[in-house]
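Engineer: Here's my sequence, what's the structure:
(one chain, ligands or ions: 1)
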Amino acid sequence: MTESATRQGLLEKIENRSAVIGVIGIGYVGLPLAMEFAKAGFKVIGYDVSARVVELLMRGESHIQDVSAAEVQTMVAAGRFAATTLEARLNECDAISIAVPTPLSKTRDPDMTFVLSAADSIARQARPGMCVVLESTTYPGTTRELLQPRLEAQGLVVGNDIFVAFSPERVDPGNPVFHTKNTPKVVGGITPACVEVACALYASCIDTVVPVSSPEAAELVKLLENTFRAVNIGLVNEIAIICDKLGVDAWEVIDAAATKPFGFMKFTPGPGIGGHCIPLDPHYLAWKMRTLNYKTRFIDLASEINSHMPEWVVQKIANALNDACKPLRGSRILVLGVAYKRDIDDVRESPALDVIRLLENHGAQVQYHDPHVNEFREDGHMRQSVDLSEAILIAADAVVIITDHQQINYQRVVDQAELVVDTRNVTAKLTQGKARVVGLASTPRGSSEPRSLQPA
Ligand SMILES: NC(=O)c1ccc[n+]([C@@H]2O[C@H](COP(=O)([O-])OP(=O)(O)OC[C@H]3O[C@@H](n4cnc5c(N)ncnc54)[C@H](O)[C@@H]3O)[C@@H](O)[C@H]2O)c1
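Structural biologist: Alright, predicted model coming up:
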């Protein structure tokens, strides 16, 4: 078949919804995307190597907070969504989006194992007339250097028999306003035909599609977005440290700066960065640039500052306990919130894990409460959330607010606890309670005098 006939055939299948869509990796990114395709009227096959995830979804449950079990049940019952561990089912698909993890290795280099394994699965099942889109965040060049050759090794000509593109996923778990459908989708194809087909695919279920000229541009868009966040969070965390040393309230400074109607964007300091994206993604770019003998200084500096924040928090806790003549060793610390950000259940790369580890290294006895995370495993050790009871709050030598989940009653916390270390400034507007409150940077209400040199 000619390029034009193959392309037209696929475009028609997308237009009349007879195309079968595959999503490889049905996690935080893949499941919401699969649901959008299913809602748009396609039959969707979610392929995942995890039998647990597949069984759960086929039972009509959801393991992703942003997708309801009811939604999954409706789509499974309508025959529009099926999850499977059977790789051969990818052969039924006309378009496949890849949303597998892209972690870092121990040496902070890209770990491409999952992408390579997904690419090999597709290559084994590929046939003419397919569109393959990589969505996993990765370094510029991945689509062309890793995905394209594997498909071409099957005798398929990219842009002629098979259409290949990169389209970064921008999902923000827990965001009440922006989700997969109303977040614009950037698409960069290997050839103009690839970008045309991939844009048509996403336009079927996403409000705005933004074509760019190459997969490398699309890959770099995602890295710019997350590097922008990492660098600005690094800057504001450093401002917090600066404010602490100057004895100025960082939150007051940031809120006042944010009244400027142009030229300033508000970021807030915190105990460090977490999640599968911001702490990791910029390192993909740093790694790629190292191969070109270029050092990404902003990325490295932001990473250094952000990864130091858990130590800053622990030093704050130690100093606050010291003010009460208590050593960190043997103190009972209650960590409030272990998810990496507000109102979600994801603990991956959460700064809470570093704070807990550092506290325990110093001999503290640590418990946690998180309304979204009943339990989690870290370093082979299972931890369970405790109730936020009056007895637990009273018994704690310090309560440390790491994640500012909205459903926690912070007034009760400051009323019942003795010492609260608030890394998110959630207690700022509360009525003064029993607790002495120490902030991440300088002095929210009721805390001790600002100091110089060391975090107070
Ligand atoms: N989570 C986010 O907020 C977010 C946001 C934007 C982009 N991303 C990017 O999206 C990608 C996926 O992240 P995620 O958070 O959805 O991951 P996830 O861990 O939630 O889901 C990935 C799924 O892929 C499956 N998987 C792994 N290897 C596979 C293979 N070879 N074949 C089939 N299935 C396989 C896993 O079992 C898992 O269910 C990553 O590159 C990430 O950086 C994530």
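Engineer: what are the ranges of the helices in the stretch 251-400 of the chain?
Structural biologist: With DSSP state H, counting those that start in this stretch applied, the stretch 251-400 of the chain shows helices at 281-291, 297-323, 351-361, 390-395, listed in chain order.
Engineer: Next, format those helices as JSON lines and append mean neighbour count, distance to the ligand and mean pLDDT.
Structural biologist: C-betas here are computed from N, CA, C, even on glycine. Converted to JSON lines, the helices of the stretch 251-400 of the chain look like this (neighbours: other Cβ atoms under 10 Å; distance: least, Cβ to the nearest ligand atom, whole Å; pLDDT from 0 to 100):
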{"stretch": "helix 281-291", "mean neighbour count": "20", "distance to the ligand": "6", "mean pLDDT": "96"}
{"stretch": "helix 297-323", "mean neighbour count": "19", "distance to the ligand": "16", "mean pLDDT": "97"}
{"stretch": "helix 351-361", "mean neighbour count": "21", "distance to the ligand": "16", "mean pLDDT": "97"}
{"stretch": "helix 390-395", "mean neighbour count": "14", "distance to the ligand": "31", "mean pLDDT": "97"}
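Engineer: For Ala198, which of the ones you listed is the nearest?
Structural biologist: Taking Cβ to Cβ as the criterion, helix 281-291 is the member of these that comes nearest to Ala198, at 21.3 Å.
Engineer: quick check: angle from that closest one to helix 297-323?
Structural biologist: Using axes from the mean of the first three to the mean of the last three Cα atoms, to 10 degrees, the inter-axis angle of helix 281-291 relative to helix 297-323 is 130 degrees.
Engineer: related to what we said a few turns ago, I'd like the helices of the stretch 251-400 of the chain as JSON lines, with distance to Gly60 appended.
Structural biologist: Converted to JSON lines, those look like this (distance: least, Cβ to Cβ, whole Å):
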{"stretch": "helix 281-291", "distance to Gly60": "33"}
{"stretch": "helix 297-323", "distance to Gly60": "39"}
{"stretch": "helix 351-361", "distance to Gly60": "32"}
{"stretch": "helix 390-395", "distance to Gly60": "36"}
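Engineer: Go ahead and confirm Cys194 touches Asn160.
Structural biologist: No: in this structure, Cys194 is not within contact of Asn160 by Cβ atoms under 8 Å, at 9.8 Å.
Engineer: Name the residue in those two with the higher neighbour count.
Structural biologist: For Cys194 and Asn160, the more surrounded residue by other Cβ atoms under 10 Å is Cys194, and the numbers stand at 28 against 17.
Engineer: The more buried one: which element?
Structural biologist: Using DSSP states H and E, the secondary-structure element containing Cys194 is helix 192-203.
Engineer: Please export the C-alpha coordinates of that helix as CSV.
Structural biologist: Written as CSV, here are the backbone C-alpha positions of helix 192-203 (Å, rounded to 0.1, in the frame of the first residue of the first chain):
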residue,chain,number,x,y,z
PRO,A,192,5.1,15.2,8.6
ALA,A,193,2.8,12.2,8.0
CYS,A,194,3.6,11.0,11.6
VAL,A,195,2.7,14.3,13.1
GLU,A,196,-0.5,14.4,11.1
VAL,A,197,-1.7,11.0,12.2
ALA,A,198,-0.6,11.4,15.9
CYS,A,199,-2.3,14.9,16.0
ALA,A,200,-5.5,13.4,14.6
LEU,A,201,-5.3,10.6,17.2
TYR,A,202,-5.1,12.9,20.2
ALA,A,203,-7.5,15.5,18.8
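Engineer: Buried residues, that helix. List them.
Structural biologist: Residues of helix 192-203 classed as buried under the neighbour-count rule (16 or more other Cβ atoms under 10 Å) are 193-202.
Engineer: before we move on, what about stretch 11-18?
Structural biologist: Judged by neighbour count using 16+ other Cβ under 10 Å, the buried positions of stretch 11-18 are 11, 13-14.
Engineer: next one: stretch 361-370
Structural biologist: Neighbour-count burial for stretch 361-370 [16+ other Cβ under 10 Å]: 362, 364, 366-370.
Engineer: May I have the distance across that stretch, first residue to last?
Structural biologist: With Cα to Cα, to the nearest Å as the measure, the first residue of stretch 361-370 is 22 Å from its last.
Engineer: Can you list the helices and strands that the helix or strand containing Ile241 packs against?
Structural biologist: Per DSSP H and E, Ile241 falls inside helix 215-246. Of the remaining helices and strands, those touching helix 215-246 by 3 or more Cβ pairs under 8 Å, 6 or more residues apart in numbering; DSSP states H and E are strand 162-166, strand 185-189, helix 250-257, helix 281-291, helix 297-323.
Engineer: is any part of that helix close to the ligand?
Structural biologist: No: using Cβ under 6 Å from any ligand atom, we find that helix 215-246 stays clear of the ligand, coming within 7.3 Å at best.
Engineer: Now do that helix: distance to the chain's middle.
Structural biologist: In terms of Cα atoms, centre = their mean, to the nearest Å, the gap separating the centre of helix 215-246 from the centre of its chain is 15 Å.
Engineer: average pLDDT across that helix?
Structural biologist: Rounded to a whole number, the mean pLDDT of helix 215-246 is 97.
Engineer: List the buried residues for it?
Structural biologist: Those would be 215-216, 218-223, 225-231, 233-241, 243-245, for helix 215-246 by 16+ other Cβ under 10 Å.
Engineer: Flag every buried residue along stretch 174-181.
Structural biologist: Buried residues in stretch 174-181, defined by neighbour count with 16+ other Cβ under 10 Å: 174, 179-181.
Engineer: In space, what's closest to Gly275 - neighbours in sequence excluded?
Structural biologist: Among residues not flanking Gly275 along the chain, Tyr340 sits closest, at 4.6 Å (Cβ to Cβ, 6 or more residues apart in numbering).
Engineer: How many residues are close by that neighbour?
Structural biologist: As a burial measure, the neighbour count of Tyr340 was computed by other Cβ under 10 Å and equals 27.
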